[in-house]
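Participant: Show me how the following folds:
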Amino acid sequence: MCSRFCIDQEMWRELKELFGDLDRMFSGWKWNRSGQDIRPTNQSLVITAGADNRLAPALQRWGLPDSYHKTTVINARAETALEKRMFRDSVASRRLAVPAARFYEWDREKQKVSFYRKGLPALYMAGFYSPGEDGWNFCILTTEANSSMRGVHDRMPLVIGREQVRDWILDGDRTEAFLAGRPPELDQDRDYEQLSLF
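Facilitator: The predicted structure follows:
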């Protein structure tokens, strides 16, 4: 599960090394460079397939509108994504990575727990995107929690390494292998302030 994540200055610097002047490219996007939580329906920076078989940054809205259930779908199970009509075409042809400094989950006592990769400015969550009413919308893939997260939640984002981002997005022959993959172990910090999910 993933219902909130954070971008910060250190992560932004890493992405600028990869893509150049993001401040100019996304000058109209307002975010707090000291660290901003991204919540469902917010816009966030994502990495997609660009021209000439290159990776490209883009701004997309988090969550796929589901008019039938009158809700927004923010996560999809990696294990069944290629079987679900709502997801399969996008997973097959419109994959992306969602960079984050960390993501959050709430434990059974409603305490906020931050998950990240120690020593790395960013982690990358595998996802996909679909057309929405006002642009593209993305969804984050989840998988069974590994031991670093199992005590907090039974699901976690499908985290991939920076070196895997290109293959996840551009190599359709490896999609099923990625969907069956296991995320790396993560580090965690607990925030003892009582916070609501939304």
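
Participant: Check which helices and strands the longest helix anywhere in the chain is in contact with.
Facilitator: As assigned by DSSP state H, the longest helix anywhere in the chain is helix 9-19. Contact here means 3 or more C-beta pairs under 8 Å, 6 or more residues apart in numbering; DSSP states H and E; on that basis helix 9-19 packs against helix 22-25, strand 55-62, strand 95-100. Heads up, the C-betas are built off the backbone N, CA and C, glycines and all.

Participant: Now do that helix and strand 55-62, the angle between them.
Facilitator: 130 degrees (axes from the mean of the first three to the mean of the last three C-alpha atoms, to 10 degrees).

Participant: In CSV, could you pull the C-alpha coordinates for helix 9-19?
Facilitator: The C-alpha trace of helix 9-19 is given here as CSV (Å, rounded to 0.1, in the frame of the first residue of the first chain):
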residue,chain,number,x,y,z
GLN,A,9,15.7,18.8,-2.2
GLU,A,10,18.2,15.9,-2.2
MET,A,11,16.0,13.8,-4.4
TRP,A,12,15.4,16.8,-6.7
ARG,A,13,19.1,17.2,-7.1
GLU,A,14,19.5,13.5,-8.2
LEU,A,15,16.8,14.0,-10.8
LYS,A,16,18.4,17.2,-12.1
GLU,A,17,21.6,15.2,-12.6
LEU,A,18,19.6,12.8,-14.8
PHE,A,19,17.4,15.2,-16.7
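
Participant: residues of it that come out buried?
Facilitator: Neighbour-count burial for helix 9-19, counted by 16 or more other C-beta atoms under 10 Å, picks out Met11, Trp12, Leu15, Phe19.

Participant: Lys110 and Tyr104: what is the separation?
Facilitator: 12 Å (C-beta to C-beta, to the nearest Å).

Participant: Just give me the neighbour total for Lys118.
Facilitator: 8 (other C-beta atoms under 10 Å).

Participant: ok so, going back, looking at Lys110 and Tyr104, which one has more neighbours?
Facilitator: Shown here are Lys110 and Tyr104; by other C-beta under 10 Å, Tyr104 has more neighbours (20 against 10).

Participant: so who does that one touch?
Facilitator: Ser3, Arg4, Phe5, Cys6, Asp37, Lys112, Val113, Ser114, Phe115 (C-beta atoms under 8 Å, 6 or more residues apart in numbering).

Participant: out of the residues you listed, which is most surrounded?
Facilitator: Phe5 (26 neighbours).
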